[in-house]
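[1] missing the sequence, but the structure's below:
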């Protein structure tokens, strides 16, 4: 059954608050949790940036009203029921980000892989031995 939902996309600003960048209304045949997940995947693909990292975390109506603690997020998408003007509680929310305990390890792994790639490309240019001629 098709239903009309309103959704908003927000990004983090430099002070750590949310800045709404898009509010739209559209009919969907999916349930709200599937809608926010699909919208997040589409947003990430359409607005690809190497600084966007993390996983998609989807929350249903019970936990959608408050932001989860321990997540370092950069993008938020919320879905609301559009047939009720007084429904200001989201039906589902998706965040793009990492848990704080995972964030640092993922950053270090990225730095290490870049440094390893740079070292191997320098060795390839010197003939592979790593010694000066």
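    Sure thing, it's come through. Every value quoted in this text rests on a predicted model; they were computed, and no experiment measured them.

[2] any idea which helix or strand of this structure has the worst average confidence?
    Across the helices and strands of the chain, mean pLDDT, DSSP states H and E gives its lowest value to helix 100-125, namely a mean of 62.

[3] Could you check how far the nearest residue to residue 29 once chain neighbours are set aside is from residue 36?
    The shortest distance from residue 29 to any non-neighbouring residue, by CB to CB, 6 or more residues apart in numbering, is to residue 2 (5.2 Å). Every C-beta, even on glycine, is put in place using the N, C-alpha and C of the backbone. Per CB to CB, to the nearest Å, residue 2 is found 17 Å from residue 36.

[4] Which residue ranges of the protein form helices?
    Here the chain has its helices, by DSSP state H, at 32-46, 100-125.

[5] what's the shortest one packed up against?
    Same thing as helix 32-46. Other helices and strands packing on helix 32-46, by 3 or more CB pairs under 8 Å, 6 or more residues apart in numbering; DSSP states H and E, are strand 3-12, strand 55-59, strand 71-81, strand 92-99.

[6] doesn't residue 94 make contact with residue 56?
    Yes: using CB atoms under 8 Å, residue 56 is in contact with residue 94, at 5.7 Å.

[7] Give the intersection of the neighbour lists for these two.
    37, 40 (CB atoms under 8 Å, 6 or more residues apart in numbering).

[8] quick one, which of those two is more surrounded?
    More crowded of residue 56 and residue 94, by other CB atoms under 10 Å: residue 94, with 26 against 15.

[9] Spit out the contact partners of the more buried one.
    Shown in contact with residue 94 (CB under 8 Å, 6+ apart): 36-37, 39-40, 56-59, 76-77.

[10] Buried only: go through these for me.
    Buried subset of those (neighbour count, 16 or more other CB atoms under 10 Å): 36-37, 39-40, 57-59, 76-77.

[11] buried stuff in stretch 73-90?
    For stretch 73-90, the buried set under the neighbour-count rule, 16+ other CB under 10 Å, comprises 73-81, 90.
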